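Enquirer: no FASTA, just this:
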């Protein structure tokens, strides 16, 4: 889960800020970031939007950080 932490720090966000942006409890987020818990599909989606990346990047399926075009 180092990718999540790397993106969070690059944006200058704290774990609490991500909690506010995603609705994921800070303690749950901390466990996800430290690899002690896996994120759900919905959590992955929320994190990808908040961190401006793709779900594939967060899941380690691609090394491309740029998000896909999103529907409005």
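Expert: Done, it's in. Here the structure is a predicted model, which is why all the values come from computation and not from measurement.
Enquirer: residue 68: which element?
Expert: Element membership of residue 68 [criterion: DSSP states H and E] is none; it lies in no helix or strand.
Enquirer: find the nearest non-adjacent residue to residue 59, please.
Expert: Nearest residue to residue 59, sequence neighbours excluded (C-beta to C-beta, 6 or more residues apart in numbering): residue 44, at 6.8 Å. In short, each C-beta sits where N, CA and C put it, glycine included.
Enquirer: residues contacting the one you found?
Expert: 55, 58, 59 (C-beta atoms under 8 Å, 6 or more residues apart in numbering).
Enquirer: got the phi/psi numbers for the second one?
Expert: The main-chain torsion angles of residue 58 are listed as degrees, to the nearest 10 and equal phi -60, psi -30.
Enquirer: what segments of the chain are helices?
Expert: For the chain, applying DSSP state H gives helices covering 2-11, 15-22, 26-33, 41-50, 55-59.
Enquirer: quick one: buried residues of stretch 35-45?
Expert: Neighbour-count burial for stretch 35-45 flags 39, 43, 44 (criterion: 16 or more other C-beta atoms under 10 Å).
Enquirer: the second one and residue 24 touch, don't they?
Expert: Yes. Between residue 43 and residue 24 a contact is recorded at 5.5 Å, counting by C-beta atoms under 8 Å.
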